[in-house]
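Visitor: structure of the sequence below:
(one chain, ligands or ions: 1)
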Amino acid sequence: MTRPPAPVPEQLAGRIVRPGDRRYPTLRSTHTTRATPAAVLLPENTAEVVAALRYARAQGAPIAVRSGGHGLSGSATNDGGLVIDLSALRSVDVLDRPSRLVRVEAGARWAQVAQALAPYGLAISSGDHGNVGVGGLATGGGVGWLVRHYGLTIDHIRAVEVVLADGTVVRADAVTEPELFWAVRGAGAGVGVVVAFEIEAVEVRDVGVARILVEARPDGDTVRRWADVLRGAPRELSAAAMLLPYGSSTVMSVTAVVAAENLRRARSAVAPLLEIGGLLDHRLDVVPYPALVPTTHLHPNVGQQPNVTTNGLLSGVDGATARAIMRTAAGPDRVLVQLRSVGGAVNDVAPDATAYPHRHQDTLVVASAFPPHGAARLDAAWRGLAGRVDGAYVNFESRPGPAAFARAYPRATGAKVAGVWRRYDPDGVFRTAHSRPNGGR
Ligand SMILES: Cc1cc2nc3c(=O)[nH]c(=O)nc-3n(C[C@H](O)[C@H](O)[C@H](O)COP(=O)(O)OP(=O)(O)OC[C@H]3O[C@@H](n4cnc5c(N)ncnc54)[C@H](O)[C@@H]3O)c2cc1C
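Guide: This next block holds a predicted model:
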């Protein structure tokens with residue numbers, strides 16, 4: 001029997017966007033996925049999130065939770081269901097400057113967070129893109145530009161406000177609801193709607209930024225040296241590197257960030273990276289932290305970047321692994337490969353302290369295939385690396401499901417995540433959205 005449509009709660013009047021509404025075209029999709037939800041709900045405070053969730057559940061349709069809409073799997077939208085879009089919950093407040101405690105609402109973008117904190121001389125290391133939302137990143141991990149210095153974003157969360165599947169509002173921290181607090185930090189997508197995070201920021205105003213272009217040797221030597229330098233570097237140095245085709249060869253485009261305001265210190269921290277291969281170009285600047293996640297990144301998400309992405313973590317990169325990375329990036333099935341430094345402060349946290357258990361690895365490898373290529377191309381390119389990686393980061397995986405879950409949450413972590421998800425969301429309201437495959441593109 002078809003369920004009669006639930007009445008629209010008064011507080012959501014004007015905040016339900018359906019096909020035909022002029023707002024619908026810029027709200028229906030995410031960064032990676034064009035979709036046709038039946039409605040997008042735009043709550044503006046916690047009480048309205050509760051009302052939106054109750055209304056959405058009463059419809060009996062699939063529910064997606066969206067903060068910034070940058071999730072790679074496209075799970076923040078759906079076809080025919082309801083989307084709870086938190087973009088109107090975007091306040092950023094410094095609660096206590098001496099202890100650097102900041103309250104950030106889930107719908108803020110990291111560019112907005114950086115901009116709001118800069119006048120206080122504070123920053124939260126988040127990610128590399130200003131348009132990524134707080135909610136998705138801070139429930140998965142958060143590999144930011146200062147990751148080796150600061151750790152993951154989740155490592156600095158001190159409390160969260162969550163709307164549970166039954167509409168209860170809970171404030172969780174290390175003492176109150178500790179299991180919920182544990183799960184939010186790494187596996188938050190399955191517990192509820194996190195409306196706000198209390199995060200301890202760091203004192204950062206300016207940072208050194210080096211852009212370095214080197215030839216990437218096909219034998220993997222450049223990749224191996226990049227990883228070696230990062231592994232032994234002072235924690236103030238974090239870096240990302242893209243392996244890009246350049247004619248018949250490959251170049252490595254490195255962005256290195258130094259948590260130092262002094263140009264001389266920044267120069268000495270990045271100097272070893274200038275030696276990793278044939279240097280083509282480099283420059284070093286000292287810039288305010290918000291320049292790394294600028295507001296110019298802000299844009300609506302309309303499905304403009306479909307891709308299939310996977311990733312893996314490594315502890316050290318030996319010669320064979322470096323060659324495998326080069327084959328993924330430059331072999332016959334060439335896909336876009338990005339390397340990110342992790343380790344440093346990330347590994348100060350015990351593996352069981354949060355639902356992100358990967359606390360001994362030092363390199364993250366991310367591979368993406370873009371149209372016209374898809375999953376088959378990505379899997380073929382990744383084959384040589386699949387057996388070498390040790391775990392994965394949930395937020396760089398575009399095909400959620402049991403295999404991805406097992407890599408992101410291995411062994412005891414997975415059992416605990418599943419248990420906490422079941423306890424706080426017994427009907428699987430959020431798990432449905434989380435495990436939505438994105439069509440196997
Ligand atoms: C261009 C780009 C650059 C990126 N760079 C980085 C990077 O440098 N470092 C890094 O760590 N990651 C990075 N990511 C990955 C990013 O962490 C994830 O895509 C993240 O999910 C995006 O957050 P969002 O709020 O924008 O996502 P959304 O698409 O809004 O959400 C994705 C999923 O997260 C869950 N979710 C979202 N909000 C909430 C909430 N409030 N409560 C509970 N669950 C929620 C839901 O399951 C939702 O479907 C990048 C992604 C892209 C596309």
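Visitor: going by C-alpha atoms from here, please, whenever you check contacts or count neighbours.
Guide: Fine.
Visitor: whichever strand or helix holds residue 337 and the ligand, are they touching?
Guide: According to DSSP states H and E, residue 337 maps onto strand 336-341. No. If you take C-alpha under 6 Å from any ligand atom as the test, strand 336-341 misses the ligand, and the best it gets is 8.6 Å.
Visitor: what's the residue nearest the centre of the chain in contact with, if anything?
Guide: Geometric centre of the chain, nearest residue: residue 137, 3.8 Å, by C-alpha atoms, centre = their mean. Neighbouring residues of residue 137 by C-alpha atoms under 8 Å, 6 or more residues apart in numbering: 126, 127, 395.
Visitor: swap in residue 428?
Guide: Residue 428 makes contact with 421, 422 under the criterion C-alpha under 8 Å, 6+ apart.
Visitor: what's the spacing between it and the ligand?
Guide: As judged by C-alpha to the nearest ligand atom, to the nearest Å, residue 428 and the ligand stand 12 Å apart.
Visitor: pretty sure residue 286 sits against residue 267.
Guide: No. Contact criterion C-alpha atoms under 8 Å: residue 286 and residue 267 do not qualify, at 10.0 Å.
Visitor: return the residues of this structure in contact with the ligand.
Guide: Counting by C-alpha under 6 Å from any ligand atom, the residues of the chain near the ligand are 64-72, 75-76, 106, 127-129, 132-137, 141-144, 188-189, 192-195, 395-396, 434.
Visitor: any idea how many residues pack against residue 12?
Guide: Neighbours of residue 12 under the rule other C-alpha atoms under 10 Å: 17.
Visitor: also the one 10 residues further on?
Guide: Residues lying near residue 22 (other C-alpha under 10 Å) number 10.
Visitor: likewise residue 345?
Guide: The burial count for residue 345: 18, using other C-alpha under 10 Å.
Visitor: what sits against it?
Guide: 147, 148, 149, 150, 151, 235.
Visitor: between these, which sits nearest the ligand?
Guide: Taking C-alpha to the nearest ligand atom as the measure, the ligand lies nearest residue 147 of the contacts of residue 345, at 9.3 Å.
Visitor: what strand or helix carries residue 379?
Guide: Taking DSSP H and E as the definition, one finds residue 379 inside helix 375-386.
Visitor: actually residue 111, not the one I wrote
Guide: Per DSSP H and E, residue 111 falls inside helix 110-117.
Visitor: give the next helix or strand downstream of that helix.
Guide: Counting by DSSP H and E, what follows helix 110-117 is strand 122-123.
Visitor: which elements pack onto that following strand?
Guide: When contacts are defined as 3 or more C-alpha pairs under 8 Å, 6 or more residues apart in numbering; DSSP states H and E, strand 122-123 sits against helix 110-117, strand 202-203.
Visitor: which residues sit against that strand?
Guide: Residues contacting strand 122-123 (C-alpha under 8 Å, 6+ apart): 100, 113, 114, 117, 201, 202, 203, 204, 205, 289.
Visitor: show me which of the residues you listed are buried.
Guide: 100, 113, 114, 117, 201, 202, 204, 205, 289 (16 or more other C-alpha atoms under 10 Å).
Visitor: on that earlier part again, buried stuff in whichever helix or strand comes after the helix holding residue 379?
Guide: Using DSSP H and E, the next helix or strand after helix 375-386 towards the C-terminus is helix 402-408. Buried residues in helix 402-408, counting neighbours by 16+ other C-alpha under 10 Å, are found at 404, 405, 406, 407, 408.
Visitor: ok, now which ones touch the first one?
Guide: Right, residue 404. Residue 404 makes contact with 392, 394, 397, according to C-alpha under 8 Å, 6+ apart.
Visitor: swap in 10 Å and give it another go.
Guide: 310, 311, 391, 392, 393, 394, 397, 398, 410, 435 (C-alpha atoms under 10 Å, 6 or more residues apart in numbering).
Visitor: could you do the second one as well?
Guide: Residues in contact with residue 405, defined by C-alpha under 10 Å, 6+ apart, are 187, 391, 392, 393, 394, 397, 399, 414, 417, 418, 435.
Visitor: among those residues, who's most crowded?
Guide: Neighbour max across the contacts of residue 405 (other C-alpha under 10 Å) = residue 187, 30 neighbours.
Visitor: for the stretch 251-400 of the chain, just list every one of the helices.
Guide: 263-270, 319-330, 375-386 (DSSP state H, counting those that start in this stretch).
Visitor: deepest in the core, which of these is it.
Guide: Highest mean neighbour count of the helices of the stretch 251-400 of the chain: helix 319-330, a mean of 22 (counted as mean count of other C-alpha atoms under 10 Å).
Visitor: what is the mean pLDDT for that helix?
Guide: Helix 319-330 comes out with an average pLDDT of 98.
Visitor: packing partners for it?
Guide: Helix 319-330 sits against helix 221-232, strand 237-246, strand 249-258, strand 336-341, strand 363-369, helix 375-386, with contacts defined as 3 or more C-alpha pairs under 10 Å, 6 or more residues apart in numbering; DSSP states H and E.
Visitor: same thing but at 8 Å, please
Guide: With contacts defined as 3+ C-alpha pairs under 8 Å, 6+ apart, the packing partners of helix 319-330 are helix 221-232, strand 237-246, strand 336-341, helix 375-386.
Visitor: and it with strand 237-246, angle?
Guide: Here helix 319-330 points in a direction 50 degrees away from that of strand 237-246 (axes from the mean of the first three to the mean of the last three C-alpha atoms, to 10 degrees).
Visitor: show me what helix 319-330 is in contact with.
Guide: Residues outside helix 319-330 that contact it (C-alpha under 8 Å, 6+ apart) are 218-221, 223-224, 243-245, 249-250, 334-337, 381-382, 384-385, 388.
Visitor: so what's the gap between it and the chain middle?
Guide: Chain-centre distance of helix 319-330: 24 Å, with C-alpha atoms, centre = their mean, to the nearest Å.
Visitor: just stretch 399-412 next, same as before
Guide: Between the centre of stretch 399-412 and the centre of its chain there are 16 Å (C-alpha atoms, centre = their mean).
Visitor: pLDDT (mean, whole number) over it?
Guide: For stretch 399-412, mean pLDDT rounds to 96.
Visitor: same check on stretch 420-430?
Guide: Mean predicted confidence for stretch 420-430 is 96.
Visitor: keeping just the C-alphas, turn that stretch into PDB.
Guide: The C-alpha coordinates for stretch 420-430 follow below in PDB (Å, rounded to 0.1, in the frame of the first residue of the first chain):
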ATOM      1  CA  VAL A 420      27.800   1.500  17.000                       C
ATOM      2  CA  TRP A 421      25.900   2.200  13.800                       C
ATOM      3  CA  ARG A 422      23.400  -0.500  14.700                       C
ATOM      4  CA  ARG A 423      22.900   0.800  18.200                       C
ATOM      5  CA  TYR A 424      22.400   4.500  17.200                       C
ATOM      6  CA  ASP A 425      20.600   3.800  13.900                       C
ATOM      7  CA  PRO A 426      18.800   0.500  14.300                       C
ATOM      8  CA  ASP A 427      16.700   0.900  11.200                       C
ATOM      9  CA  GLY A 428      19.700   1.700   9.000                       C
ATOM     10  CA  VAL A 429      18.300   5.100   8.000                       C
ATOM     11  CA  PHE A 430      21.800   6.500   7.400                       C
END
